[in-house]
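Undergrad: structure for this input, please:
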Amino acid sequence: MYDSIIIGAGMSGLAAGIRSAYYDQKVCILERHNTIGGLNSFYRLRGRNYDVGLHAVTNFTPRGTRRGPFARLLRQLRLTWDDFGLSPQLMSSISFPNVELAFDNNIDLLRSEVARAFPNQIDNFEKLMDSLIDYDDLEQSHFEMSTREQLSEVITDPLLIEMILCPVMWYGNPREHDMDYGQFCIMFRALFLEGLARPFDGVRLILRKLVRKFRELGGELKLRTGVQQIKIDGGRAVGVVLDCGDEMSAKNILSSVGAVETFRLCDDDDTTHVHKTGQLSFIEAISTLDTYPLELGHDKTIIFFNDSDKFHWQRPLDDLCDVRTGVICTPNNYCYDAADGELPDGIMRITALADFNRWKNLNKDNYDRQKEIWFNKVVDSATKFAPDFREHTIDTDMFTPQTIQRFTSHDNGAVYGATRKWFDGTTNFKNLFLCGTDQGFVGIVGSIISGISMANHHLLRGN
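TA: Next comes the predicted model:
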């Protein structure tokens, strides 16, 4: 009998396991795959290391900062700032036709850019930022308001609204077209009022630190151990049935695999949650170069681009992908410590919206062919906003919504999960709780905070 079984060895599951194990709980984390991290994982291909989901760690704050999500994370997991080895971004941008707003980890740059490009809106932009400084992350009423409506009450230039929405939606919005205002507040702070950073060794550094800490505290991590069913007795979760047929019992079960997906494991016939399944998934084209992007004149860490004055945020309606908007990420363009040296290769990563069902229904030959076609299309689109690096490409890879579904278990390969969030982590079943994306926080720091919060509120009751 375990005190807690945690389903999924992503960031939130590992963090919840560490927090619980600090209080002498007997904890087991179950992971269906042979590696940890979920979407924020890593792999090795043709002698090179690749991050799967990591573009940047949001919520970055400098060493010694005592407030904010990252500082809270370090205190709760008893880790140090150096354990994450984060290097801040150089500079990023929001790029629309004929208008670009640069930003970095100092909000003053974005302020000056708004004043330059939208001089009539700078006072309104200041009002917006003032309203976000002390908001309540989980104030339920904020999540019932339209972000577009809220922004239009403050910002009177439609183009500036679209440009503000672009990076915030790309990095944390499960809804099409609009966004819950509470989620907008969280992501705006994470991106602009805190900042972006990356470990030199990528996401593997963070994951290995978390796993090592969990195991040092006596936690059990079982890879290649999928959950077939969550056992319910009298409305209470009492254990799990594994894919191999073995059973495990626990006082509490915490699931990070998504709300709808978790309810399905309970044989819950209630279909009211089905319509909340997210529809937004991605492709990502990764190019390895024989030179560094800076040498090609590309000095941005991340570019959030859109090819018209209206931001396109919806599942592609009539094709496999929509490359009108996307994200260009350059892992080389962070302020790494001189002792780290440089990454072994230049890398350009380009992300675009994709339709899960269309990719899923392709046969093997057509799947491979379409990957090549859409790789080229997304690069074509991105090079309107960044230097054309194609003649320097020495290796490529690409993942699709099927890849995301396989590693996250999210229906539709929905990166940001369901369109509704379960902020308190509770479900219809006693002692079954949610953490991770569908609890309400996204990104690496957000996921870790989610695991910590749910462990504190639910798994450590009475401890």
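
Undergrad: so what pLDDT did residue 375 get?
TA: If you check residue 375, the pLDDT there is 98.

Undergrad: oh sorry, the question was meant for residue 395
TA: The predicted structure scores residue 395 at 96 on the pLDDT scale.

Undergrad: mind starting the numbering at 582 from now?
TA: Okay, residue one is now 582; in that scheme the one you just asked about reads as residue 976.

Undergrad: OK, contacts around it?
TA: By Cβ atoms under 8 Å, 6 or more residues apart in numbering, the residues touching residue 976 are 627, 629, 868-869. The C-beta positions use only the backbone N, C-alpha and C, and glycine is treated the same way.

Undergrad: mind running it again at 10 Å?
TA: Residue 976 sits next to 626-629, 631, 867-871, 926, 928 when contact means Cβ atoms under 10 Å, 6 or more residues apart in numbering.

Undergrad: those into CSV, with extra columns for distance to residue 606 and pLDDT?
TA: Output for the contacts of residue 976, formatted as CSV (distance: Cβ to Cβ, whole Å; pLDDT from 0 to 100):
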residue, distance to residue 606, pLDDT
626, 38, 79
627, 42, 87
628, 41, 81
629, 39, 81
631, 35, 79
867, 39, 96
868, 45, 97
869, 43, 96
870, 47, 97
871, 50, 96
926, 43, 94
928, 40, 96
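
Undergrad: among these, which are in strands?
TA: Within the contacts of residue 976, residues falling in strands by DSSP state E are 626, 629, 631, 867-870, 928.

Undergrad: among these, which pair sits farthest apart?
TA: 626 and 870 (15.6 Å; Cβ to Cβ).

Undergrad: quick one, which of the ones in strands among the contacts of residue 976 are buried?
TA: 631, 867-870, 928 (16 or more other Cβ atoms under 10 Å).

Undergrad: make TSV out of these and add distance to residue 687.
TA: Formatted as TSV, those follow (distance: Cβ to Cβ, whole Å):
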residue	distance to residue 687
631	30
867	29
868	30
869	31
870	29
928	25
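
Undergrad: closest to residue 835 out of the residues you listed?
TA: Taking those together and measuring to residue 835 by Cβ to Cβ, the closest member is residue 631, at 29.0 Å.

Undergrad: the closest one contacts residue 978, correct?
TA: Yes: judged on Cβ atoms under 10 Å, residue 631 makes contact with residue 978 at a distance of 6.4 Å.

Undergrad: shared neighbours of these two, anything?
TA: Between them, residue 631 and residue 978 share the contacting residues 624, 865, 867, 869, 930, judged by Cβ under 10 Å, 6+ apart.

Undergrad: out of those residues, flag the one nearest to residue 673.
TA: Nearest to residue 673 among the shared contacts of residue 631 and residue 978: residue 930, at 13.4 Å, using Cβ to Cβ.

Undergrad: wouldn't that closest one be in contact with residue 883 here?
TA: Yes: between residue 930 and residue 883 there is a contact at 9.4 Å, judged by Cβ under 10 Å.

Undergrad: any shared contact partners between these two?
TA: 636, 908-912.

Undergrad: so what's residue 741 up against?
TA: Taking Cβ under 10 Å, 6+ apart as the test, what residue 741 contacts is 675, 680, 682, 695, 698-699, 701-703, 705-706, 709, 732.

Undergrad: what's the local residue count around residue 806?
TA: 20 (other Cβ atoms under 10 Å).

Undergrad: so how far is residue 827 from it?
TA: 9 Å (Cβ to Cβ, to the nearest Å).

Undergrad: could you list the low-pLDDT ranges of the stretch 632-781 of the chain?
TA: 715-724 (pLDDT under 70).

Undergrad: run through the strands of it in chain order.
TA: Assigned by DSSP state E, counting those that start in this stretch, the stretch 632-781 of the chain shows strands spanning 667-669, 673-677, 680-684, 778-780.
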